[in-house]
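J.: Fold the following for me, if possible:
(chains A and B)
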Protein chains: 2
Amino acid sequence: MKAKITVTPKKAVLDPQGKAVQNALEQMGYKGLRGVHVGKYLEIEVEGDRETVKAQLEEACRKLLSNPVIEDFHLVLE
Amino acid sequence: MKAKITVTPKKAVLDPQGKAVQNALEQMGYKGLRGVHVGKYLEIEVEGDRETVKAQLEEACRKLLSNPVIEDFHLVLE
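T.: Model (predicted):
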């Protein structure tokens, strides 16, 4: 099955990459932007029991794939 | 409204970051991994007419946010 994981900076954390993208878009003439946040996206193809896989991936997200001090993650199993 | 954009390397393109994550997970003891792909994730808060916004963001994805030679993007407007 396929796991889709997004890792985004917490709202309270400065997001300079998002700000840079927002500035670039505005300089290209795009209007109406209220905020841009940039994070990571991971697709993991994995086999095994669904519940076990979910528990393992959540642990992996906390330990390796995100920094829980400054980032949130969201995991969806398909 | 909120736009969610994922940018992933095309299947035919080498993904060394994904391979590195897969190796790290395997060394941490996770089993059953068949593949890991790492990409970018963007959340954009934007105001305006829905169709206009969608067209503008698709253009921005092609011109600024992804490299169409080696990456695919997927845009969802909420």
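
J.: Quick check: residues of chain A near chain B?
T.: Contacts of chain A with chain B, taken as CB under 8 Å from any CB of the partner chain, map to A:6-8, A:18, A:21, A:24-25, A:28, A:30-48, A:53, A:56, A:60, A:63-65. C-beta: built from backbone N, CA, C; applies to glycine.

J.: Just the buried subset of those, written out for PyMOL, thanks.
T.: A single PyMOL command suffices to select whichever of the residues of chain A next to chain B are buried according to 16 or more other CB atoms under 10 Å in any protein chain shown:
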select buried, chain A and resi 6+7+8+18+21+25+30+33+36+37+38+39+40+41+42+43+44+46+53+56+60+65
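
J.: and the closest residue to A:Ala24 other than its chain neighbours, what pLDDT?
T.: Excluding its sequence neighbours, the residue lying closest to A:Ala24 (CB to CB, 6 or more residues apart in numbering or on different chains) is B:Leu64, at 6.0 Å. Per-residue pLDDT puts B:Leu64 at 92.

J.: What of the one 3 residues further on?
T.: Taken from the predicted model, the pLDDT recorded for B:Asn67 is 95.

J.: Just to check, A:Lys63 is in contact with B:Met28?
T.: Yes. In this structure, A:Lys63 is within contact of B:Met28 by CB atoms under 8 Å, at 7.3 Å.
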